[in-house]
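Peer 1: Sequence and computational prediction follow.
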Amino acid sequence: MLFRQLFDLQSSTYTYLLADETTRDAVLIDPVFERFERDRALIRELGLTLRYTLETHVHADHVTGAWLLREALGSRIVLSRHGGAAGADRSVDQGDVVTAGAVELEVRATPGHTDGCVTYVAADHRMAFTGDALLIRSAGRTDFQQGDPGLLYRSIREQIFTLPDECLLYPGHDYSGRTVTTVGEEKRWNPRVGGEASEEDFVGYMRNLGLPHPKQIDIAVPANLQCGEPEGGAVPARPAWGPTVRTFAGTPEIDPTWVADHRDAVTIVDVREPAELTGELGRIDGTLHIPLGALRERLAEVPTDKPVITMCRSGRRSAQAAVILEQAGVRNVANAAGGMLRWRALGL
Ligand SMILES: [Fe+2]
């Protein structure tokens, strides 16, 4: 199974990508709205088909990317039956199984942080995704939404701590860079619910956390009750000038065939060294030539009346050039994917 743990720095949220390496069927657990382009790029680059997005609960600290991903990739939205959100394609409850190729996730109801919290457990019980029910050496707060510390204690003890000790636990968040834990470790070391902690101990701990009101709650909860559909249901606009995509590396990129077909509508900036222009790959007529090392000083020479396409030998240096131009405020810019090598291979 293919497995990736992704992180949103702003809300400290983990998003998990799981896929069948043979069929390429994939699921994404707890996607973040603002990380939509990143997630889409990774799914594209790994050649996956996103079947489902799964929410561990209705989040209060970030808006889910579930709706955006469904609009863009046709994935189906999975949410707890008790989450209270509208717009899901599938409502799940204790014992249900979500399947995508060989990826099989069993649903365990783990309420207490919210009413609709669920933990997704891999069928072989080697890993589980606990959302905010159990965090590494911590537990989700119980002082807003439908928080109930007694209920959370029983969820953790009965649904999570009953998994094998070596079962890896992946939380919904971590605020200090920890990425994974195990059932055995948390049973022993979790300061809130581990060791000999009774329900009373846990409730006392949770009632006295004194945490600040979450910053995003007034925006995040209403949006998540619609599975992350923005007001007016508009997908963030993609550049109108051409079919650009953003890579997982963060570069705007465009297909060279499109560039060849729209040669007069764009400015091509070739960032290779002078000697390369007379080599076997040659050069494209009418391109502007600025070697990458000189681009920062010669930004003023790049006309911005038309979209700018960056070009080099293999598409690596030109990717950096596209980023330099973007950072300099050039809005319509993209790297010609694969550079002159691809241009030549395609017979352009
Ligand atoms: Fe949460």
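Peer 2: Yep, that arrived.
Peer 1: Contact distance from the ion - what residues of the protein qualify?
Peer 2: Within the chain, the positions near the ion by C-beta under 5 Å from the ion are 59, 132. Every C-beta, even on glycine, is put in place using the N, C-alpha and C of the backbone.
Peer 1: What is the neighbour count of the residue of the chain found nearest the ion?
Peer 2: The ion sits closest to residue 132 of the chain, with a gap of 3.7 Å, by C-beta to the ion. Counted with other C-beta atoms under 10 Å, the neighbours of residue 132 add up to 26.
Peer 1: try residue 183
Peer 2: Counted with other C-beta under 10 Å, residues neighbouring residue 183 total 21.
Peer 1: give me every residue that touches it.
Peer 2: Residue 183 makes contacts with 128, 160, 161, 163, 164, 165, 166, 167, 169, as judged by C-beta atoms under 8 Å, 6 or more residues apart in numbering.
Peer 1: Then residue 342?
Peer 2: So, once contact is read as C-beta under 8 Å, 6+ apart, residue 342 ends up touching 256, 315, 336.
Peer 1: Could you tell me which of those belong to strands?
Peer 2: In strands, defined here by DSSP state E, the members of those are residue 336.
Peer 1: any idea how far residue 332 is from the residue of the chain closest to the ion?
Peer 2: From residue 132 across to residue 332, the span is 40 Å (C-beta to C-beta, to the nearest Å).
Peer 1: same question, residue 93
Peer 2: Separation of residue 93 from residue 332 (C-beta to C-beta): 48 Å.
Peer 1: of the two, who's got more company?
Peer 2: residue 332 (20 against 13).
Peer 1: could you say which helix or strand contains the residue nearest the centre of the chain?
Peer 2: Residue closest to the average C-alpha location in the chain (C-alpha atoms, centre = their mean): residue 39, at 4.0 Å. According to DSSP states H and E, residue 39 maps onto helix 36-45.
Peer 1: still on that earlier bit, ok, the residue of the chain closest to the ion - contacts?
Peer 2: 56, 57, 59, 113, 114, 117, 139, 140, 141, 171, 172, 173.
Peer 1: Quick check: strands, which of the residues you listed are part of them?
Peer 2: Per DSSP E, these map to strands at 139, 171.
Peer 1: Max pairwise distance over the contacts of residue 132: which two?
Peer 2: Across the contacts of residue 132, no pair lies farther apart than 59 and 139, at 15.7 Å, counting by C-beta to C-beta.
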